[in-house]
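Colleague: I'd like to go over a predicted model; first the sequence, then the structure.
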Amino acid sequence: MADLSCNLAGIHSPNPFWVASGPPANTAYQCHRAFEAGWGGLVWKTIGEPIVNVSSRYSSLDLYGNRMVGLNNIELISDRSIETNFREIKECKKRWPQRAIIASLMADTRENWHEMMQRSLDSGADGVELNFGCPHGMCERGMGSAVGQNPDVMEKIVGWVMEVAQIPVIVKLTPNVADITRPARAAKKGGANAISLINTINSITQVNLDTMCAEPSVGGRSAHGGYCGPAVKPIALNMVHSCAMDPEVGLPISGIGGISNWKDAAEFIALGSTSVQVCTAIMHYGFRIVEDMIDGLNDFLDAKGMKSVNDLRGLAVQSVQKWETLDLHYKRMARIDYDKCIGCNLCYIACEDGAHQAIAMVSPNGQGLGPGRLPGKSIPKIKEEACVGCNLCALVCPVEKCITMVDISTGLDPMSWEEYQVRLASGKMKAIPAHD
């Protein structure tokens, strides 16, 4: 069995699975339940001057019968007193000394940041996370993403915190920026020990067409909120990779955004995360999902011959490069397994109307019949001369491994767009002809 323990900038936990700052990390009761289930760490719901929340607070994007593919919230930071929160952190840390407990903080003035940092230290917290990501409610007060979107201000505030910090400081980044590496670099310049990302994305998930009010409705009015859940995972992975790839950032990463199972977690770790944080999946399915996450990651690492989760970290980082470096001579093509084909013809429709018209409907001519296929019914056939290997047919096919993409040898040496431009300018090759 692989070693799942992790060390994020000096914050140790028995596994990389942390409860993210949010509703599941609001009380000592929830912290106890999380650790009883097996979570390695917990980032407390953000502590600051108590606010008043509204009712209702959540709305979701549902897709083809799948609930909460994306979750929108207009809930703010903790509405419980500062004293209560830190008292409960102290209680939890005393009971769970081997688990990581991180205090998430939000303040305004230099003096208040110093006070919150000292309170965190007195509570026994293993570290703090500075919430510079909240995209609603708090940013209108000059906090949250209002800081995260201004690298100069962020650097200054991180510097304030580091003046008194005696435990590791994580900076939580907002994704509501054009370039995530700019605030990440600012966190580094300010002296932060690590970064976490992503926080929620500005969003409106839906409009009630009967009331003509966006959801969630608060007495007939609504507000933009923070978007999270499985739908944001691709955005989070991209931003985590950007920070892991940037030599000017160079900070340990706690990955957040749409993580629902061990595979999601493994992808974040492969792109550079040390720990991963989960919120929406807990809100949907409860704390016990961590059991499958731990077992799944263990099995995966064992199957790959990896002794530690650290062996996985960053393995996929270098695979993502600029488009200009990709091989223009690489070729792949779709292949259909007719024994598995059910005759839905989604591949044909998708390719014909949405891609490259590289699939034809032809007579079966003795081809094997898959489940549900009617004898004599036309079958899809790849037009090899037209197939560009775009993957669309394989992506829309409802039957696993019915359509696969296979490598095709072109007999040509690899050539990137950069190399193509150089050869073209030097007269060593002619321009690649455009398609009609």
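Modeller: Here it is on my side, so go on. Numbering: from 1, shown residues only.
Colleague: For burial, what's the neighbour tally of Lys430?
Modeller: 8 (other C-beta atoms under 10 Å). Every C-beta, even on glycine, is put in place using the N, C-alpha and C of the backbone.
Colleague: Show me this structure divided up by domain.
Modeller: 6-317, 323-426 (automatic domain parsing).
Colleague: quick one, which of those is nearest to Pro433?
Modeller: domain 323-426 (12.7 Å; C-beta to C-beta).
Colleague: quick check, distance from the closest one to the centre of its chain.
Modeller: 29 Å (C-alpha atoms, centre = their mean, to the nearest Å).
Colleague: And stretch 217-225, by the same measure?
Modeller: That offset, for stretch 217-225, works out to 26 Å (C-alpha atoms, centre = their mean).
Colleague: what's the answer for stretch 221-239, then?
Modeller: On C-alpha atoms, centre = their mean, the centre of stretch 221-239 falls 9 Å from the chain's centre.
Colleague: Tell me which residues of that stretch come out buried.
Modeller: Of all the residues in stretch 221-239, those buried under the rule 16 or more other C-beta atoms under 10 Å are 222, 225-233, 235-237, 239.
Colleague: What of stretch 388-404?
Modeller: In stretch 388-404, counting by 16+ other C-beta under 10 Å, buried: Gly389, Cys390, Leu392, Cys393, Ala394, Val396, Cys397, Cys402, Ile403.
Colleague: How about stretch 109-123?
Modeller: Those buried within stretch 109-123 under the rule 16+ other C-beta under 10 Å are Trp113, His114, Met116, Met117, Arg119, Ser120, Ser123.
Colleague: Any chance of TSV for the buried residues of stretch 388-404, columns secondary structure and pLDDT?
Modeller: What follows is the buried residues of stretch 388-404, written out as TSV (DSSP: H, G, I helix; E, B strand; the rest coil; pLDDT from 0 to 100):
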residue	secondary structure	pLDDT
Gly389	coil	96
Cys390	coil	97
Leu392	helix	98
Cys393	helix	97
Ala394	helix	97
Val396	helix	97
Cys397	coil	97
Cys402	coil	96
Ile403	strand	97
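Colleague: Please produce TSV containing those, extended by distance to Ala214.
Modeller: What follows is the buried residues of stretch 388-404, written out as TSV (distance: C-beta to C-beta, whole Å):
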residue	distance to Ala214
Gly389	41
Cys390	36
Leu392	33
Cys393	37
Ala394	37
Val396	31
Cys397	36
Cys402	40
Ile403	39
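Colleague: which among the residues you listed gets closest to Glu83?
Modeller: Distances from Glu83 to those, taken by C-beta to C-beta, are shortest for Val396, at 55.3 Å.
Colleague: Hmm, Asn345 and that closest one touching each other?
Modeller: No - assessed by C-beta atoms under 8 Å, Val396 is found out of contact with Asn345, at 10.3 Å.
Colleague: re the thing from before, closest one to Ala360 out of the buried residues of stretch 388-404, please.
Modeller: Nearest to Ala360 among those, with distances taken as C-beta to C-beta, is Cys393, at 12.3 Å.
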